[in-house]
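A.B. asks: model the structure of this input:
(6 chains)
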6 protein chains.
Amino acid sequence: MHFSVDKGGLTHIDESGSAHMVDVSGKPDTERTAIARGEVVLRPETLALIRQGLMKKGDVLGVAQIAGILGAKKTSELIPLCHPLPLHQVDVKLELDDALPGVRITALARTTGKTGVEMEALTAVAVAALTVYDMVKAVEKGARIHNIRLVEKHGGLSGDVINEEA
Amino acid sequence: MHFSVDKGGLTHIDESGSAHMVDVSGKPDTERTAIARGEVVLRPETLALIRQGLMKKGDVLGVAQIAGILGAKKTSELIPLCHPLPLHQVDVKLELDDALPGVRITALARTTGKTGVEMEALTAVAVAALTVYDMVKAVEKGARIHNIRLVEKHGGLSGDVINEEA
Amino acid sequence: MHFSVDKGGLTHIDESGSAHMVDVSGKPDTERTAIARGEVVLRPETLALIRQGLMKKGDVLGVAQIAGILGAKKTSELIPLCHPLPLHQVDVKLELDDALPGVRITALARTTGKTGVEMEALTAVAVAALTVYDMVKAVEKGARIHNIRLVEKHGGLSGDVINEEA
Amino acid sequence: MHFSVDKGGLTHIDESGSAHMVDVSGKPDTERTAIARGEVVLRPETLALIRQGLMKKGDVLGVAQIAGILGAKKTSELIPLCHPLPLHQVDVKLELDDALPGVRITALARTTGKTGVEMEALTAVAVAALTVYDMVKAVEKGARIHNIRLVEKHGGLSGDVINEEA
Amino acid sequence: MHFSVDKGGLTHIDESGSAHMVDVSGKPDTERTAIARGEVVLRPETLALIRQGLMKKGDVLGVAQIAGILGAKKTSELIPLCHPLPLHQVDVKLELDDALPGVRITALARTTGKTGVEMEALTAVAVAALTVYDMVKAVEKGARIHNIRLVEKHGGLSGDVINEEA
Amino acid sequence: MHFSVDKGGLTHIDESGSAHMVDVSGKPDTERTAIARGEVVLRPETLALIRQGLMKKGDVLGVAQIAGILGAKKTSELIPLCHPLPLHQVDVKLELDDALPGVRITALARTTGKTGVEMEALTAVAVAALTVYDMVKAVEKGARIHNIRLVEKHGGLSGDVINEEA
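C.D. replies: Below you'll find the model as predicted:
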């Protein structure tokens, strides 16, 4: 084992392939944005109860939105190899969708930094979705969290990624 | 507003329907178990790289497993209305599945207490899935986290729930 | 220095008077409830903007309520000598009060355990109050958090405490 | 719903008025300082016990000071819409005041960044005050946390705010 | 893969040898105590500065003591396979020792539960030791944290362990 | 008490010598690297069980590595006067060493900032060492964590520190 601490090159402490948080110190600071999305699929009856504000635990969409925003800020605590970074914006939107039927969750994260923020956007969606699940589980044991994915990603050397229209 | 602090009845501080962590003090302590599952859908090429241990960030399944176990312990921090509780067991299993193609994640949580542990099992699956996503995102921008759901639930007044064979 | 690990007696590691989390292992488990209250004093114009839902950051009372509930769960992380304990109920209520003028916050915490939950109720009030401050600070630099206090406390050897009518 | 990810403009995901962490990516990095203050009002007998170092849990002011510093670092975890940011300085001072009677707490926070640090200073005061409460509650059930407010704020586009002499 | 959710037996989700938090649900609740110890070895000049209260960051032993107590409460967050549990007592003592020369740290943790608390005591020692290091590092780059070990352990099926006199 | 908020000078709120997070706002941002090391001393039989992958809790080195990386990210939460900062790289390596006998742990932390990252590297080593202890404690009650120290430090006004060859 040897740490060569040369500026810019750096230091594969792990030729063995084990886990490490990759060195991003040589990357430029650029503005980074990511949008992620996912759905919680519910029975129509459950959706109706949410819409009418009749869930016993309270306002489903409002609580899940706050949970998603806070969740984005916990990303680097939850995901072992994520770099901790400041966040300049987090937005989480939840919409009721009768066609699913269920709740559609979209999250945007933004920073200026050396790494992207797609994990922050995805984590916001996941935590908001888990919170929706928690708020409805007294009346529905079969809710499913579906299709958490990256929608768009901007900034960084790899260029823009557009998986679908936001 | 009035808090009536009678044993057993208690205290709807919120006749307005706003959010609250429901009173479980009158419930008996019983052994609670929950099993949850979900999948991360990947391209076959990505799956092959995981299987060969060639992901640059390290051992995908090993890191995601630890992340899932730690995630279960963070459930009540992430989900606003979840009760904090001790956990007597957490198991997270990840399997490569060529038929998906992708990674199948199953988590079990167990405690003895007044509330169920399905949110702990679901959170373990979600955090493990986000970690898989993070470990492969350098080579695949289109990974999708699918179908996080409750498989089984035991203990508690509402009886056993079996949504599918574990 | 000597640790005498006798059941019940125990162990003053600190004859020097320095800080320690006191031994509660000999105390019985009893149901514990506490209610705390506090106010955020605002200008009437600010109160009007909250009432009309015109604050730029969003729904002031809804966000502060969730923050208060989550804050109660962080009590033993924030306050060095607090014992970590499960919580069986947390309720946080926020009311607009033209007479203050401002926002009145009341929180209830409940558990069954060896120590009281007044710090949990007080922490919920404090965190909710800080969140109200944060939500209005773009329009008011002079908000003040006032009079966070214990209203009632039940359970435990020291008997009931009633400082004012809840 | 539409995310327009234009540099500088950006993206009101929430025309509905629901909560979001506002976009600060277009703001300049400036040095930010904030000073906050608050008091814990106690009985003279309690104040005397603190002064004599006779509180059973230990050194009240020393423990509360550390709690306040650590609390400042937890601000963005506690307050849902606060931006996470590095901190370049945190100072918390506690003074016994016979005229109150009680403990006066003053906190300073400093960073270089896109948003102010008044919430960090206020959170430090609130957590230090809760810790004082916890340390004295065995001998006083009527302690009150009073008048947590911003004293000064420097840096940022809105200019300096001086509410009172520090 | 199969989860057999039988009481008491349970469920090796991992015949593969991968990590899991072991099932303790079948174990009895007993009173558990553990004492751990470690040293920070310093130059005599550094020890003298601590004794005289001349360290620029403040009171070394007081800050480290609080850090150790808070660290014990974070054990299950830091150590992936540790069970989260309530704590009924935490004591951390720091002593200056000219013979080392350095600081000797002793920590006691106590609970009533299904698993031991040696990791909580050891974590308290480690975090207190890191804090001592942080407080003195401006004047000494060669401090060393030595010999963190279990001194005593009581409660549990495996019987008492006495490695050295407390 | 008076806060003089002059740029660059600043503000000793604490002439009394009590604790504070020192002001680093006047320091330049430079690239900072630190390498720390420590050992867990074990019996040869325990080492053999780790090497053969027979520890009941799972893969000792893999779990400890992840714990160390996550631990580095928690440094400013654990150590009261540490500044929170982004991290650009964290690497933790664990090696079995028959000569100790035991496990040798080396950690590297890197950022660009106003303060060094030696505490982050040392915390990574300490948390990884505690995790090794936890994974083997079922078969060995006498494991000892030894000699956690700084190996190298680069960046910052005080110049490079080389305590031993990495």
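A.B. asks: for chain A, what spans make up the helices?
C.D. replies: A:44-51, A:60-73, A:75-78, A:118-136 (DSSP state H).
A.B. asks: out of those helices, deepest packed?
C.D. replies: Most buried of the helices of chain A, by mean neighbour count (mean count of other Cβ atoms under 10 Å in any protein chain shown): helix A:118-136, with a mean of 29. (C-beta placed from N, C-alpha, C; glycine too.)
A.B. asks: is that helix up against chain B anywhere?
C.D. replies: Yes. With Cβ under 8 Å from any Cβ of the partner chain as the criterion, chain B is reached by helix A:118-136 at A:118-119, A:122-123, A:126-127, A:129-131, A:133-135.
A.B. asks: can you count the residues close to residue A:28?
C.D. replies: When neighbours are counted by other Cβ atoms under 10 Å in any protein chain shown, residue A:28 registers 8.
A.B. asks: what sits closest to it if chain neighbours are left out?
C.D. replies: residue A:114 (7.2 Å; Cβ to Cβ, 6 or more residues apart in numbering or on different chains).
A.B. asks: you'd agree that neighbour is up against residue A:86?
C.D. replies: No. Look at residue A:114 against residue A:86 with Cβ atoms under 8 Å: they stay out of range, at 11.4 Å.
A.B. asks: rewinding a little: can you redo the helices of chain A as CSV with distance to residue F:60 and mean pLDDT?
C.D. replies: Below are these laid out as CSV (distance: least, Cβ to Cβ, whole Å; pLDDT from 0 to 100):
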stretch, distance to residue F:60, mean pLDDT
helix A:44-51, 45, 96
helix A:60-73, 31, 97
helix A:75-78, 23, 98
helix A:118-136, 28, 98
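A.B. asks: quick one, which of these is nearest to chain E?
C.D. replies: Closest to chain E of the helices of chain A is helix A:75-78 (Cβ to the nearest Cβ; 8.8 Å).
A.B. asks: and the closest one, what does it pack against?
C.D. replies: helix A:118-136, helix B:60-73, helix B:118-136, helix F:60-73 (3 or more Cβ pairs under 8 Å, 6 or more residues apart in numbering or on different chains; DSSP states H and E).
A.B. asks: need the helices of chain A in a markdown table (columns: distance to residue E:62).
C.D. replies: Output for those, formatted as a markdown table (distance: least, Cβ to Cβ, whole Å):
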| stretch | distance to residue E:62 |
| --- | --- |
| helix A:44-51 | 51 |
| helix A:60-73 | 31 |
| helix A:75-78 | 28 |
| helix A:118-136 | 37 |
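A.B. asks: ok, now which ones touch residue A:150?
C.D. replies: A:34-36, A:118, A:121-122, A:161, A:163, B:141-143 (Cβ atoms under 8 Å, 6 or more residues apart in numbering or on different chains).
A.B. asks: do you know how far it is from chain C?
C.D. replies: Distance, residue A:150 to chain C, by Cβ to the nearest Cβ, to the nearest Å: 25 Å.
A.B. asks: same question for residue A:118.
C.D. replies: 24 Å.
A.B. asks: which non-adjacent residue is nearest that residue?
C.D. replies: residue A:34 (4.0 Å).
A.B. asks: is it true that the one you found touches residue A:156?
C.D. replies: No. Between residue A:34 and residue A:156 there is no contact under Cβ under 8 Å: 9.8 Å.
A.B. asks: okay, now the unreliable bits of chain A?
C.D. replies: A:1-17 (pLDDT under 70).
A.B. asks: chain C contacts on that one?
C.D. replies: Residues of chain A lying near chain C (Cβ under 8 Å from any Cβ): A:59, A:62-63, A:66-67, A:70.
A.B. asks: which one among those residues gets closest to chain F?
C.D. replies: Distances from chain F to the residues of chain A next to chain C, taken by Cβ to the nearest Cβ, are shortest for residue A:70, at 16.0 Å.
A.B. asks: I figured that closest one was touching residue D:77, is that so?
C.D. replies: Yes. With contact defined as Cβ under 8 Å, residue A:70 counts as touching residue D:77 (7.4 Å).
A.B. asks: for residue A:109, see how far away the residue most central in space within chain A is.
C.D. replies: Relative to the mean C-alpha position of chain A, the nearest C-alpha, by Cα atoms, centre = their mean, is the one of residue A:122, at 1.9 Å. For residue A:122, the distance to residue A:109 (Cβ to Cβ, to the nearest Å) stands at 9 Å.
A.B. asks: repeat for residue A:66
C.D. replies: Residue A:66 is 15 Å from residue A:109, by Cβ to Cβ.
A.B. asks: show me what contacts the residue nearest to residue A:28?
C.D. replies: A:24-25, A:27-29, A:83, A:85, F:88.
A.B. asks: circling back: so between residue A:34 and residue A:156, which is more surrounded?
C.D. replies: A direct count of neighbours by other Cβ under 10 Å for residue A:34 and residue A:156 places residue A:34 higher, at 26 against 21.
A.B. asks: the more buried one bridge partners, please.
C.D. replies: Bridge pairing for residue A:34 (DSSP bridges) gives the partners residue A:109, residue A:153.
A.B. asks: give the contact list for it.
C.D. replies: Residue A:34 neighbours (Cβ under 8 Å, 6+ apart): A:108-110, A:116-118, A:120-122, A:150, A:152-154.
A.B. asks: between those residues, which sits nearest residue B:93?
C.D. replies: Nearest to residue B:93 among the contacts of residue A:34, counting by Cβ to Cβ, is residue A:122 at 21.9 Å.
A.B. asks: any idea how far the nearest residue to that closest one once chain neighbours are set aside lies from residue A:93?
C.D. replies: Sequence neighbours aside, residue A:36 is the residue nearest to residue A:122 in space, at 4.4 Å (criterion: Cβ to Cβ, 6+ apart). As defined by Cβ to Cβ, residue A:36 lies at a distance of 11 Å from residue A:93.
A.B. asks: repeat that for residue A:143.
C.D. replies: Taking Cβ to Cβ, one finds residue A:143 at 19 Å from residue A:93.
A.B. asks: from chain F, how far off is residue A:125?
C.D. replies: Going from residue A:125 to chain F by Cβ to the nearest Cβ gives 22 Å.
A.B. asks: if I read this right, residue A:94 contacts residue A:65, doesn't it?
C.D. replies: Yes. At 5.8 Å, residue A:94 counts as touching residue A:65 under the criterion of Cβ under 8 Å.
A.B. asks: who touches both of the two?
C.D. replies: Taking Cβ under 8 Å, 6+ apart as the criterion, residue A:94 and residue A:65 both touch residue A:128.
A.B. asks: residues touching the residue in chain A that chain C sits nearest to, list them.
C.D. replies: Residue nearest to chain C within chain A: residue A:66 (4.6 Å; Cβ to the nearest Cβ). Residue A:66 makes contact with B:80, C:62-63, C:66-67, D:19, D:80, according to Cβ under 8 Å, 6+ apart.
A.B. asks: cool, residue A:38 as well?
C.D. replies: Contacts of residue A:38 (Cβ under 8 Å, 6+ apart): A:104-105, A:125-126, A:129, A:145-149, B:145.
A.B. asks: and residue A:54, how many neighbours?
C.D. replies: Residue A:54, neighbours per other Cβ under 10 Å, totals 11.
A.B. asks: ok, it to residue A:130 distance?
C.D. replies: 21 Å.
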